[in-house]
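**Q** Based on what follows, work out the 3D shape:
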Amino acid sequence: MTEEQRLLTYLEDFITQERKERFTEILSNRTQHFTVAIEDIFQMHNASAVIRTCEVFGVQTAHMIEEKYGKRLDAKIAMGAEKWVTTHRYAQVQPCIDTLKTQGYQIVATLPAPTAVPLQEFDITPKSAFFFGTERDGLSQQVISQADVFLTIPMVGFTESLNISVSVAIILQYLTTKLRSSALNWQLSEEEQLLLRLQWTKNSIRSLTDVLSRYYSLK
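**A** Numbering: from 1, shown residues only. The predicted structure is shown next:
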């Protein structure tokens with residue numbers, strides 16, 4: 001038994017059986033096959049809504065580029081989703097792109113361009129990182145110039161854009177549904193599930209510092 005497994009076994013005595021079973025159920029639907037990156041979102045409620053949307057549709061990891069406006073995640077608006085979604089923050093765009101490419105993700109720029117792939121035709125096979133830009137200006141040229149694929153949501157009205165949180169919700173709902181019905185290996189590995197279960201259990205214990213102190217004093 002690994003140290004993580006021993007610690008998890010100890011900590012699970014401090015949460016209910018119902019919560020343990022809920023963790024197992026949720027983790028079975030989590031994925032790292034898709035991830036989301038949001039670039040310099042100005043409205044705090046939009047950034048928080050994106051994290052909530054990732055959680056709802058089982059996308060485990062989100063990336064927040066905060067070059068212009070600083071930290072934009074509001075826990076109240078995220079409604080606790082930040083406890084269950086792994087969020088990485090970057091002060092600049094390039095480190096985010098480099099990190100995702102190193103992890104094997106293709107960079108997908110979401111924008112209403114004539115050359116963009118319509119959502120319904122998007123190939124879900126490659127690991128994909130979906131980039132969303134600012135409310136007013138969209139994605140930066142830095143992201144667009146390094147994108148592997150352009151993706152668009154087909155629209156038939158006068159308006160040519162959607163609120164970012166709405167766009168994220170539409171794309172993730174459609175593509176995660178398609179992903180789960182596919183034969184792709186989209187689920188988390190056993191190790192990933194273990195580490196998340198451990199973190200979620202920690203997040204569920206109010207007096208965590210005291211509980212951990214007792215655990216390590218017994219070793």
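**Q** CA atoms for contacts and neighbours, from now on please.
**A** Will do.
**Q** Surely residue 109 is in a helix?
**A** No. Counting by DSSP: H, G, I helix; E, B strand; the rest coil, residue 109 is located in no helix; its state is strand.
**Q** Okay, and the beta partners of it?
**A** residue 131, residue 150 (DSSP bridges).
**Q** next one: phi and psi at residue 199?
**A** The phi/psi pair for residue 199 (degrees, to the nearest 10) reads phi -70, psi -40.
**Q** for the chain, what helix or strand is lowest in average pLDDT?
**A** The helix or strand of the chain with the poorest confidence is helix 75-78; it has a mean of 43 (mean pLDDT, DSSP states H and E).
**Q** where along this structure do the helices fall?
**A** Remark: helices assigned in the chain by DSSP state H are 3-11, 17-27, 44-56, 75-78, 93-102, 141-146, 164-180, 190-203, 208-217.
**Q** If you count neighbours, what's buried in the last one?
**A** Neighbour-count burial for helix 208-217 flags residue 211 (criterion: 16 or more other Cα atoms under 10 Å).
**Q** Now do it against helix 190-203, angle only.
**A** 120 degrees (axes from the mean of the first three to the mean of the last three Cα atoms, to 10 degrees).
**Q** Restricting to C-alpha, output helix 208-217 in PDB.
**A** Output of helix 208-217 as PDB, limited to C-alpha atoms (Å, rounded to 0.1, in the frame of the first residue of the first chain):
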ATOM      1  CA  LEU A 208      -8.000  19.000   8.400                       C
ATOM      2  CA  THR A 209      -4.900  20.400  10.100                       C
ATOM      3  CA  ASP A 210      -5.600  18.700  13.400                       C
ATOM      4  CA  VAL A 211      -6.600  15.500  11.700                       C
ATOM      5  CA  LEU A 212      -3.300  15.400   9.700                       C
ATOM      6  CA  SER A 213      -1.300  16.200  12.800                       C
ATOM      7  CA  ARG A 214      -2.800  13.200  14.600                       C
ATOM      8  CA  TYR A 215      -2.100  11.000  11.600                       C
ATOM      9  CA  TYR A 216       1.600  11.900  11.300                       C
ATOM     10  CA  SER A 217       2.000  11.700  15.100                       C
END
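**Q** Output the contacting helices and strands for that helix.
**A** Contacts defined by 3 or more Cα pairs under 8 Å, 6 or more residues apart in numbering; DSSP states H and E place helix 208-217 against helix 3-11.
**Q** avg pLDDT for stretch 133-149?
**A** Per-residue pLDDT over stretch 133-149 has a mean of 87.
**Q** mind checking how far that stretch is from the chain centre?
**A** 18 Å (Cα atoms, centre = their mean, to the nearest Å).
**Q** ok, and what's touching that stretch?
**A** 38-43, 93-94, 97, 106-111, 116-117, 131-132, 163-164 (Cα atoms under 8 Å, 6 or more residues apart in numbering).
**Q** domains of this structure?
**A** 1-30+189-218, 31-186 (the TED database).
**Q** hey, which of the ones you listed is tucked in deepest?
**A** domain 31-186 (a mean of 18; mean count of other Cα atoms under 10 Å).
**Q** so how far is the first residue of that one from its last?
**A** 6 Å (Cα to Cα, to the nearest Å).
**Q** got the contact list for residue 53?
**A** Contacts of residue 53 by Cα under 8 Å, 6+ apart are 165, 168, 169.
**Q** so how far is residue 178 from it?
**A** Residue 53 sits 17 Å away from residue 178, going by Cα to Cα.
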